[in-house]
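Colleague: Sequence and computational prediction follow.
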Protein chains: 2
Amino acid sequence: MKSRGEFGFIDYIKKHFPAPEGTIGIGDDCAVLPAGGGELLFSTDLLMEGVHFLRNESSPEDVGWKAAAVNLSDIASMGGIPVATFLSIALPKDAQGEWAERFIEGYTQISRQYDVPLLGGDTTSSLRDIAINVGVLGRSPSGKRLMRSGAKVGETIYVTGPLGDSAGGLQAILEDIDRTEEVNVLIERHKRPVPRVSTGRILMESGKVGAMMDISDGIASDLRHIMKASGAGAVISLDRIPCSPELISVCAGQGWDRYELATSGGEDFELLFTGPADLENELDIKIYPVGKIVEGDELIWTVDSRTVDYDYVGYNHF
Amino acid sequence: MKSRGEFGFIDYIKKHFPAPEGTIGIGDDCAVLPAGGGELLFSTDLLMEGVHFLRNESSPEDVGWKAAAVNLSDIASMGGIPVATFLSIALPKDAQGEWAERFIEGYTQISRQYDVPLLGGDTTSSLRDIAINVGVLGRSPSGKRLMRSGAKVGETIYVTGPLGDSAGGLQAILEDIDRTEEVNVLIERHKRPVPRVSTGRILMESGKVGAMMDISDGIASDLRHIMKASGAGAVISLDRIPCSPELISVCAGQGWDRYELATSGGEDFELLFTGPADLENELDIKIYPVGKIVEGDELIWTVDSRTVDYDYVGYNHF
């Protein structure tokens, strides 16, 4: 027999996400929106309980925030504007009540902050683990979106903010260290990553950027995608990678390797991009040069301009 | 350390799905495609192992087929044209090799049959259960897509094919009955549902259809969505619901209630729609009148034009 569970939950979501003028949102077989002009961007991410989050470590609100954040970051990494998200969620019995509603609260918070409607999705049950898939649709002017393949030899490599905080926060959780104020800053960055949507758009509109992507698996892994797609090598100055004062302090106290966290920890969701050496002076936003695109296919690490033997490769999902 | 598993699997998928001219598919942060004109349609479905399929009952190829089929059916149910799909898949260790590749084979079969490219997605690991999310993007001319809310009092209710086969096939699997030729027809309909994409488009282009949706949870449940969205009631003649000769025969042999399977079994993926009484004569496709839209908000069942007391409500996911 029918329980009211599924349709009750859908109604709950609908109340949080009325469809904007000119669109049809939750409630029919498909969402409907005008095609508009330019190009469409689409990305999707699947988060699994036990792999991407632990129910006893992350609040449902944080999981809801992060599920949307990682997708908005994919639109940001092309320099696009997010238009709508689509949420699929599979819930085991013990997550169908309070957990699910609190998840929607967090999802709603970030959606309102970035002014992106949820236009559709799917709700279903799961035997054991929570599964969450978010799809995001974005737009950009035709031919303007920034790809991984656009890096050119001689360009400077930049990041948009400090790296390693999220990985430091995760390590703090896993090692269960004292929650000092600094540690809590790192944990917050891990749980509530900030997609660089407006920064990405400014970089796209500058017309100066070669290649761009977001740092989800660590610069050591992600930069290799740009190198491969662009057919080039890269030199990264480990000592120019920006790190937050909190990360530096916590690493010193715990004896953690800050370089490892900053290069291969992942989930920073800062943007990684290439452009002219003087780009810093042309833009109103803070960007950090960390290296150069060079000929070849190798990723070379330096400290004080000297090559170092370094083999961090970033996070792999399998 | 990095295994080659994840990126190797992505390369495997890429070989099956080269990006069509004018689009950017698998390999960057987002898929890119021209916005085009008209309206965009989007739908997404999440399939969980143990809930939507069992690994020892369904071949990976069948799961791959069905994951795409249920989404193409959502586009069909608006009268739209599918443009691209996006596949997210979470795989436990023991499904990361052969199972995953055979899944992609089935997904490729239906994608080629309907000429719909896979333009992106996500691959990740899972602790225990396989999770599969498919998103589908479609198009329709502005304002022409068929909604659930368009039914008008006096319209005839139609379906596009026999109902109950899929539910009969599922029951045959669950009760492990002898696999006669007829039983195998039902099981095949359960495992390889056929989305009615071209039929949906013909119905959209006729300009005569009021409301339309696909039958995924059983007409007893799905028709209520049309009734609610359209603010109307309905009368369904149980004895006019088309059933296949195979279903009739197997039900007779097993003592199963054919009406229950045909009205509340779900997963038929035939289209359910409303239109003028003479629509049958105007179209080149076979359609089956099964009832009428009436005033009120009740769903009334009849046999031989007499009201019967009947309480089937369709499948619920929670």
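Modeller: Good, I have the coordinates.
Colleague: how about low-confidence regions in chain A?
Modeller: Low-confidence segments of chain A, defined by pLDDT under 70: A:1-6, A:312-318.
Colleague: just the strands in it please.
Modeller: Here chain A has its strands, by DSSP state E, at A:31-34, A:39-48, A:81-91, A:118-125, A:131-140, A:156-159, A:212-214, A:233-237, A:271-275, A:288-294, A:299-303, A:306-308.
Colleague: Now tabulate the ones you listed in CSV and tack on mean neighbour count.
Modeller: Where C-beta positions appear, they are placed from N, C-alpha and C, glycine not excepted. Output for the strands of chain A, formatted as CSV (neighbours: other C-beta atoms under 10 Å in any protein chain shown):
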stretch, mean neighbour count
strand A:31-34, 21
strand A:39-48, 25
strand A:81-91, 25
strand A:118-125, 23
strand A:131-140, 27
strand A:156-159, 22
strand A:212-214, 26
strand A:233-237, 20
strand A:271-275, 27
strand A:288-294, 20
strand A:299-303, 18
strand A:306-308, 10
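Colleague: Columns distance to residue B:311 on top of those strands, output as TSV?
Modeller: Shown next, in TSV, are these (distance: least, C-beta to C-beta, whole Å):
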stretch	distance to residue B:311
strand A:31-34	32
strand A:39-48	38
strand A:81-91	27
strand A:118-125	23
strand A:131-140	33
strand A:156-159	61
strand A:212-214	52
strand A:233-237	67
strand A:271-275	57
strand A:288-294	66
strand A:299-303	66
strand A:306-308	73
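Colleague: okay if I get the ones you listed as a markdown table plus distance to chain B?
Modeller: Below are the strands of chain A laid out as a markdown table (distance: least, C-beta to the nearest C-beta, whole Å):
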| stretch | distance to chain B |
| --- | --- |
| strand A:31-34 | 5 |
| strand A:39-48 | 4 |
| strand A:81-91 | 4 |
| strand A:118-125 | 5 |
| strand A:131-140 | 4 |
| strand A:156-159 | 15 |
| strand A:212-214 | 5 |
| strand A:233-237 | 17 |
| strand A:271-275 | 10 |
| strand A:288-294 | 17 |
| strand A:299-303 | 13 |
| strand A:306-308 | 19 |
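Colleague: what does the stretch 51-200 of chain A have sitting close to chain B?
Modeller: Within the stretch 51-200 of chain A, the positions lying close to chain B (C-beta under 8 Å from any C-beta of the partner chain) are A:51-52, A:74-75, A:77-78, A:80, A:84, A:86, A:88-91, A:96, A:119-129, A:131, A:133, A:135, A:137-139, A:142, A:145, A:147-149.
Colleague: thinking again about what came up before, wait, which of the strands of chain A is closest to residue B:153?
Modeller: Minimum separation from residue B:153 across these (C-beta to C-beta) falls at strand A:31-34, 24.5 Å.
Colleague: Remind me what the closest one packs against, helices and strands.
Modeller: Here strand A:31-34 touches strand A:81-91, strand A:118-125, strand B:39-48, going by 3 or more C-beta pairs under 8 Å, 6 or more residues apart in numbering or on different chains; DSSP states H and E.
Colleague: what does it rub up against?
Modeller: Among residues not part of strand A:31-34, those counted as contacts by C-beta atoms under 8 Å, 6 or more residues apart in numbering or on different chains are A:22-25, A:83-84, A:86, A:119-120, A:137, B:39-43, B:78, B:142, B:145.
Colleague: Identify the residues contacting residue A:42.
Modeller: Listed by C-beta under 8 Å, 6+ apart, the contact set of residue A:42 reads A:135-138, B:30-31, B:33, B:84, B:86, B:119-120, B:135, B:137.
Colleague: give me every residue that touches residue A:68.
Modeller: Residue A:68 touches A:85, A:107, A:110-111, A:114, A:116, A:134, A:136, counting by C-beta under 8 Å, 6+ apart.
Colleague: ok, now how distant is it from residue B:286?
Modeller: 44 Å (C-beta to C-beta, to the nearest Å).
Colleague: circling back: would you list the helices and strands packed on strand A:31-34 in JSON lines and tack on distance to residue B:199?
Modeller: Shown next, in JSON lines, are the helices and strands packed on strand A:31-34 (distance: least, C-beta to C-beta, whole Å):
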{"stretch": "strand A:81-91", "distance to residue B:199": "25"}
{"stretch": "strand A:118-125", "distance to residue B:199": "23"}
{"stretch": "strand B:39-48", "distance to residue B:199": "16"}
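Colleague: between those, which one is nearest to residue A:251?
Modeller: strand A:81-91 (33.6 Å).
Colleague: How far does the closest one sit from its chain's centre?
Modeller: Between the centre of strand A:81-91 and the centre of its chain there are 15 Å (C-alpha atoms, centre = their mean, to the nearest Å).
Colleague: what's it packed up against?
Modeller: strand A:31-34, helix A:60-76, helix A:98-113, strand A:118-125, strand A:131-140, helix A:197-206, strand B:39-48, strand B:131-140.
Colleague: Name the strands paired with it and say parallel or antiparallel.
Modeller: Strand pairing for strand A:81-91, determined by DSSP bridges: strand A:118-125 (parallel), strand A:131-140 (antiparallel).
Colleague: which outside residues touch the shortest one?
Modeller: Residues external to strand A:118-125 that are found in contact with it (C-beta under 8 Å, 6+ apart): A:6, A:9-10, A:13, A:16-17, A:19, A:23-26, A:30-31, A:33, A:84-93, A:96, A:107, A:111, B:42-48, B:51-52, B:133, B:317-318.
Colleague: So what's the gap between it and the chain middle?
Modeller: 21 Å.
Colleague: can you state the direction angle for it and helix A:60-76?
Modeller: With axes from the mean of the first three to the mean of the last three C-alpha atoms, to 10 degrees as the basis, strand A:118-125 and helix A:60-76 are set at 130 degrees to each other.
Colleague: Pull out the CA atoms of strand A:118-125 and give them to me as PDB.
Modeller: Listed next in PDB are the C-alpha coordinates belonging to strand A:118-125 (Å, rounded to 0.1, in the frame of the first residue of the first chain):
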ATOM      1  CA  LEU A 118      16.100  23.400  -8.100                       C
ATOM      2  CA  LEU A 119      13.900  22.400 -11.100                       C
ATOM      3  CA  GLY A 120      13.500  18.700 -10.800                       C
ATOM      4  CA  GLY A 121      14.900  15.400  -9.700                       C
ATOM      5  CA  ASP A 122      14.000  12.000  -8.300                       C
ATOM      6  CA  THR A 123      13.300  10.500  -4.900                       C
ATOM      7  CA  THR A 124      13.500   6.900  -4.200                       C
ATOM      8  CA  SER A 125      14.500   4.400  -1.400                       C
END
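Colleague: what angle sits between that strand and helix A:98-113?
Modeller: Angle, strand A:118-125 to helix A:98-113, by the same axes, to 10 degrees: 170 degrees.
Colleague: Strand A:118-125 vs strand B:39-48, what angle?
Modeller: Taking the same axes, to 10 degrees, one finds strand A:118-125 and strand B:39-48 inclined to each other by 20 degrees.
Colleague: State the distance from the nearest residue to residue A:58 once chain neighbours are set aside to chain B.
Modeller: Residue nearest to residue A:58 in three dimensions, not counting chain neighbours: residue A:191, with 6.1 Å by C-beta to C-beta, 6 or more residues apart in numbering or on different chains. Using C-beta to the nearest C-beta, to the nearest Å, we find residue A:191 at a distance of 19 Å from chain B.
Colleague: Burial check on residue A:191, number of neighbours?
Modeller: Neighbour count for residue A:191, taken as other C-beta atoms under 10 Å in any protein chain shown: 22.
Colleague: what pairs with the residue lying closest to residue A:14 once chain neighbours are set aside across the strands?
Modeller: Here the nearest residue to residue A:14 in space, its sequence neighbours aside, is residue A:26; by C-beta to C-beta, 6+ apart that works out to 4.9 Å. Counting by DSSP bridges, residue A:26 is bridged to residue A:28.
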